[in-house]
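K.L.:
Predicted coordinates and the sequence they were generated for:
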Amino acid sequence: MPRVKVLALCGSLRVGSTNLALLQAAKILAPPDMEFSIWNRQAGLPHFTPDLEGLPPPEVQKFRDHVGVADGLIIACPEYARGLPGAFKNALDWLVGGETFINKPFAQWNASPRAAEAQNSLRLVLETMSGRCLEEAALALPLIKQEVTGRGLAAHPEWGPQISLALVRLGAALRA
């Protein structure tokens, strides 16, 4: 059986991002039948303009290609002023004009359960883009204001198993 390909998108540019640490833990805990990669390069994308959709800049095309080959996505995104971070929304806008996101399964992960407004907004955006939400693989951990690393989260006696379970559920949903 081929490995399921999961691309994790981090919505934060912060060096010590808890959402990025959460995705790094997932990469450590990914089951053997899952190929797991993390994309966190939205800072390198130009501002979205529909004028370039037909012939996107190379960095945009690389992003679209990464999304296109993934069987599913995990998106871990913080809340900034009750909304999505601008750089991450810009990255999502670049996906709208291509075909790589159509019917793409995604799971929303978050390092702060109180970020409900941004999570609702993110889901609305992704479903408007024709994405398919996999609620059974969603994850929210109370990591706000915590100094965490991917290794620390993976080894944590409470959070590590929750991350592993969400990955198993994601893999099952993507194979179904």
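P.N.:
Received the coordinates, thanks. Because the structure is predicted, anything quoted here is derived from the model rather than measured.
K.L.:
Tell me the pLDDT of the residue nearest the centre of the chain.
P.N.:
Taking C-alpha atoms, centre = their mean as the criterion, I75 is the residue nearest the geometric centre of the chain, at 1.8 Å. Looking at I75, its pLDDT stands at 98.
K.L.:
Now it: which helix or strand?
P.N.:
According to DSSP states H and E, I75 maps onto strand 72-76.
K.L.:
does the residue sitting furthest away from the middle of the chain count as helix, strand or coil?
P.N.:
The centre of the chain is farthest from one residue, D51, which by C-alpha atoms, centre = their mean lies 26.3 Å away. Under DSSP: H, G, I helix; E, B strand; the rest coil, the three-state class of D51 is helix.
K.L.:
buried residues in the host helix or strand of L165?
P.N.:
L165 belongs to helix 159-175 when assigned by DSSP H and E. Buried residues in helix 159-175, counted by 16 or more other C-beta atoms under 10 Å: W159, G160, I163, S164, A166, L167, V168, R169, L170, G171, A173, L174. In this view, the C-beta of every residue, glycine as well, is placed from N, C-alpha and C.
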